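Undergrad: quick one: sequence plus predicted model below, questions after.
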Amino acid sequence: MTTILGSYPGSRGILYDLPHVVWDAPALIQARGLTNRVTIEVGNFFETVPRGGDAYLLSHVIRDWTDDQCLTILENCRHAMNPGGRLLIIEMVLPTGDTPHPAKMVDIMMLVGPGAQERTEQEYGIGEDAQGNGFTTQRRRDEFSRPESPALQLRRSGELTTGPCPCGNVQ
């Protein structure tokens, strides 16, 4: 979130998570010069999320939970966001087939640890049906992705733009 806010000076954000997760956040927020633009709120997204956001960002969150738990998180975001709000989900996408890939090792760790999983495009339900569900997909490369296995950023309807942040207030 600090990267987004650093790129869009007119935007503000709320960092929302459990107390032990946000404990060290003030130092990073201050180091990035965003103290007056980021509010830290403590809570549990299985119960509620802050209301009134124009955009909600879940970065590497969905992979940590079972399908039922993910539905609870997504439902809470849907109920909290402003009309016309956007939900941005950034996750690694598990490639299909037998080709070695770092995401497959992370998938094994997720299964053994919290009992969750990395997911394929089909498991996310975002492949060819994404447009029909009101989502657009942006493929981006990062240290884990390869051309055949991109990380995906999902946005509720609307094209990505440059200039003023299309997100408004990020939560």
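TA: Structure's in. What do you need?
Undergrad: so residue 15 sits in a strand?
TA: Yes. Assigned with DSSP: H, G, I helix; E, B strand; the rest coil, residue 15 falls within a strand.
Undergrad: nearest residue to it other than its sequence neighbours?
TA: Spatial nearest neighbour of residue 15, chain neighbours left out: residue 40 (4.9 Å); criterion: CB to CB, 6 or more residues apart in numbering. C-beta here means a position set from N, CA and C on the backbone, and glycine is covered the same way.
Undergrad: can you give me the helices for this protein?
TA: For the chain, the helices defined by DSSP state H occupy 2-7, 19-22, 25-31, 67-80, 102-112, 121-124.
Undergrad: might you report the residue contacts of residue 39?
TA: 12-15 (CB atoms under 8 Å, 6 or more residues apart in numbering).
Undergrad: which residues does it bridge with?
TA: As for beta bridges, residue 39 partners with residue 14 under DSSP bridges.
Undergrad: how close does it sit to residue 121?
TA: 34 Å (CB to CB, to the nearest Å).
Undergrad: now do residue 50
TA: Applying CB to CB to residue 50 and residue 121 gives a distance of 30 Å.
Undergrad: got it, and residue 67?
TA: 15 Å.
Undergrad: neighbours of the nearest residue to residue 70 once chain neighbours are set aside, how many?
TA: The spatial neighbour of residue 70 that comes closest, neighbours along the chain excluded (CB to CB, 6+ apart), is residue 62 at 5.2 Å. Residues lying near residue 62 (other CB atoms under 10 Å) number 21.
Undergrad: so what's residue 62 up against?
TA: Residue 62 neighbours (CB under 8 Å, 6+ apart): 70, 73, 89, 91, 119.
Undergrad: what about 10 Å?
TA: Applying CB atoms under 10 Å, 6 or more residues apart in numbering to residue 62 gives the contacts 69-70, 73-74, 89-91, 116-119, 124, 154.
Undergrad: any idea what the residue most central in space within the chain is bridged to?
TA: Compute the mean C-alpha point of the chain, and by CA atoms, centre = their mean the closest residue is residue 58, 2.2 Å away. On the basis of DSSP bridges, residue 58 is bridged to residue 89.
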